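> Show me how the following folds:
(chains A and B, ligands or ions: 3)
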Amino acid sequence: MGEPVGGGTDIAITLTVNGVVRRAEVPGRRLLSDCLRHDLGLTGTHVGCEHGVCGCCTVLLDGEPVRSCLMFAVTADGHAVTTVEGLAGPGGELSPVQRAFAECHGLQCGFCTPGFLCVVTALLRENPVPTEEEVLEGVSGNLCRCTGYQNILRSVRRAAEIMAEER
Amino acid sequence: MKPPPFDYHSPRSVGEALEILAATGRDGKVLAGGQSLIPMLNMRLAAPGHVVDINRLTELAAVTVGPDGVRTGALARHAQVERSGPVAAAQPLLRRALRLVAHPAIRNRGTVVGSLVHADPAAELPAVLTLLGGSVRLARRGAVRDVPAARFFTGPLESAAEPDELAVSALFPALPPRSGTAFHEVARRHGDYALAGVAARVRLDDDLRVAAAEVVCVNAGPVPELVDVTGDCGHRAPGTADWGAAARAVRDRIDPEADIHASAAYRRHLAGVLAERALRDAATEAAGG
Ligand SMILES: Cc1cc2nc3c(=O)[nH]c(=O)nc-3n(C[C@H](O)[C@H](O)[C@H](O)COP(=O)(O)OP(=O)(O)OC[C@H]3O[C@@H](n4cnc5c(N)ncnc54)[C@H](O)[C@@H]3O)c2cc1C
Ligand code: FES
Ligand code: FES
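Ligands and ions are numbered 1, 2, ... in the order given. Just a heads-up that it's a prediction; the model follows:
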């Protein structure tokens, strides 16, 4: 699993992942999702479909949600990436979004959860009081086979509340 | 589901990119947002020997709004264009169409120009460029040309851009006075490629009667085609124009295909219904503005 998937010469890249400067040597074809998981050992980013449909692999690139399966690690060279591992506070305390998902049963098997947590974190940062429609649009690109989505929507509303209370 | 191996190029200037494209020729592929190319690589539907990543050419990220319309550089992302107030004021159809393109995370990476070059008959932006009579600016080493939309889309997933050419920008012309636009589509889920979609533009004359009414349908043939229904709806005020006849004309003139999602007949039906809605909305907007 860990060995390079070859092709062309390896390229040295530097990413700031969850605030930490990380270096890797990767072939051009290495997907950012695989770089995070295999080269950097951050397996919190999940991979479902590898063609942009499921949203599991969503991370924040310079703060904006993107599909890590639809980006080459070399393109991310020099940029900042936030994965699900970087959402909790410095002491490991869960972020408001993570707490809301736990509280409202916004996850069951958890496979889709890293993607949802990243997307919702960015959504509420940009728009702390989203309308119902904005929430739906915000999470529309992420699939969940377990929850039926209602508890995820509840989690987003709850996260907005927690953030407002703590502001 | 991993891309095949390729040589990776990361030019730092447009000039350097054009040199690389000239050298790699048919074996080279431009990588913009990667939201269509990388899925194709992952599924092994494409296997270029060289990938030329233009993401560091920040000189191509500009979106300029002028009296002639909106010019989007090759690195202008869907989300950037969608959010721009000046763009929405100069050409409101762009924002309307972009909101129907995929999901926010994909719009954060995908580029407007990349979507045009990709030339998917199911995509919204090629229909918009065709309806507005826009153009794409192509550069190769030592030469630049502007290709009008009517000649840019040459087949499904085929455009006039040659392997050694870089699409540097696209121009979406502004609307003449007393004009309105609309975009309606039906997709199986929000953000999916549409089963059918219609972009419409209506222009009224000084007496506020319909002077021009045109649509372009998504997923209705190998390339986006302008369907002029001015003669079908009648030279009348928007409220009394025969939009039903215009919709029938659209249904008769398009050539949709069947696939696992919808039959050709169902697509044709949808296009008619959506055309009537889009034309009415465009006419209402034209009358109000
Ligand atoms: C899940 C999902 C859903 C989607 N849904 C929709 C949808 O509903 N509607 C829609 O329209 N699109 C949709 N897309 C596609 C998306 O809009 C893409 O961003 C767009 O089609 C291509 O833009 P890009 O910048 O990502 O191009 P890339 O993927 O980088 O490139 C696409 C093609 O164009 C070429 N190319 C790109 N830029 C240039 C250039 N400047 N010069 C020369 N050649 C160039 C590339 O070589 C490649 O062949 C979807 C994508 C995904 C993953
Ligand atoms: S794994 Fe990236 S979107 Fe499914
Ligand atoms: S919790 Fe199982 S897929 Fe969403």
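
> Around the residue in the stretch 151-289 of chain B that ligand 2 sits nearest to, how many other residues sit close by?
Residue nearest to ligand 2 within the stretch 151-289 of chain B (C-beta to the nearest ligand atom): residue B:191, separated by 12.2 Å. Placement of C-beta: from N, CA and C, glycine included. Counted by other C-beta atoms under 10 Å in any protein chain shown, the residues lying close to residue B:191 total 19.

> likewise residue B:104?
Residue B:104 - counted by other C-beta under 10 Å - has 23 other residues nearby.

> Would you mind confirming that it makes contact with residue A:135?
No - with contact defined as C-beta atoms under 8 Å, residue B:104 does not count as touching residue A:135 (11.8 Å).

> Now residue A:127. Its backbone dihedrals?
With angles defined as degrees, to the nearest 10, residue A:127 sits at phi -140, psi 90.

> quick one, what contacts it?
By C-beta atoms under 8 Å, 6 or more residues apart in numbering or on different chains, the residues touching residue A:127 are residue A:134.

> so what pLDDT did it get?
In this model, residue A:127 is scored at 97, pLDDT.

> Ok, residue B:289 next?
The predicted local distance difference test score for residue B:289 is 56.

> any chance you could map the helices in chain A?
Secondary structure of chain A, counting by DSSP state H: helices at A:32-34, A:96-103, A:113-126, A:132-139, A:150-166.

> Enumerate the residues of the stretch 51-200 of chain B near ligand 3.
Residues of the stretch 51-200 of chain B lying near ligand 3 by C-beta under 6 Å from any ligand atom: none.

> one step back: with mean neighbour count as extra columns, can I get the helices of chain A in CSV?
Formatted as CSV, these follow (neighbours: other C-beta atoms under 10 Å in any protein chain shown):
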stretch, mean neighbour count
helix A:32-34, 25
helix A:96-103, 21
helix A:113-126, 23
helix A:132-139, 16
helix A:150-166, 17
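
> Please name whichever of these is nearest to residue B:221.
Nearest of the helices of chain A to residue B:221, taken as C-beta to C-beta: helix A:132-139 at 29.9 Å.

> Including distance to ligand 3, could the helices of chain A go into a markdown table?
Compiled in a markdown table, these are given as follows (distance: least, C-beta to the nearest ligand atom, whole Å):
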| stretch | distance to ligand 3 |
| --- | --- |
| helix A:32-34 | 17 |
| helix A:96-103 | 10 |
| helix A:113-126 | 6 |
| helix A:132-139 | 11 |
| helix A:150-166 | 8 |
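
> if I pick the closest residue to ligand 1 within chain A, what's in contact with it?
Distances from chain A to ligand 1, computed as C-beta to the nearest ligand atom, single out residue A:52 as the nearest residue at 2.8 Å. Listed by C-beta under 8 Å, 6+ apart, the contact set of residue A:52 reads A:67, A:69, A:70, B:35, B:38, B:39, B:102, B:106.

> cool, residue B:103 as well?
Residue B:103 neighbours (C-beta under 8 Å, 6+ apart): A:55, A:140, A:141, B:191.

> any idea how far it is from ligand 1?
7 Å (C-beta to the nearest ligand atom, to the nearest Å).

> give me phi/psi at the residue nearest to that residue when sequence neighbours are not counted?
Nearest residue to residue B:103, sequence neighbours excluded (C-beta to C-beta, 6 or more residues apart in numbering or on different chains): residue A:141, at 2.7 Å. Backbone torsions of residue A:141, given as degrees, to the nearest 10, read phi -90, psi 10.

> Show me the chain divided up by domain.
In the absence of a named chain, chain A is used. According to automatic domain parsing, chain A comprises the domains A:3-86, A:96-166.

> wrong one, chain B
Here chain B is described, according to automatic domain parsing, as comprising the domains B:7-53, B:62-173, B:179-286.

> So for residue A:17, which of those sits nearest?
domain B:62-173 (18.1 Å).

> wait, what's in contact with the nearest residue to residue A:162 once chain neighbours are set aside?
Ranked by C-beta to C-beta, 6+ apart and with sequence neighbours excluded, the top spatial neighbour of residue A:162 is residue A:96, at 4.1 Å. Contact analysis of residue A:96 by C-beta under 8 Å, 6+ apart lists A:124, A:159, A:162, A:163, A:166.

> how does it look with 6 Å?
A:159, A:162, A:163 (C-beta atoms under 6 Å, 6 or more residues apart in numbering or on different chains).

> Quick check: the gap between the second one and chain B.
So that's residue A:162. Here the distance between residue A:162 and chain B works out to 22 Å (C-beta to the nearest C-beta, to the nearest Å).

> Distance check, that residue against residue B:273.
As for residue A:162, its distance to residue B:273 is 44 Å (criterion: C-beta to C-beta, to the nearest Å).
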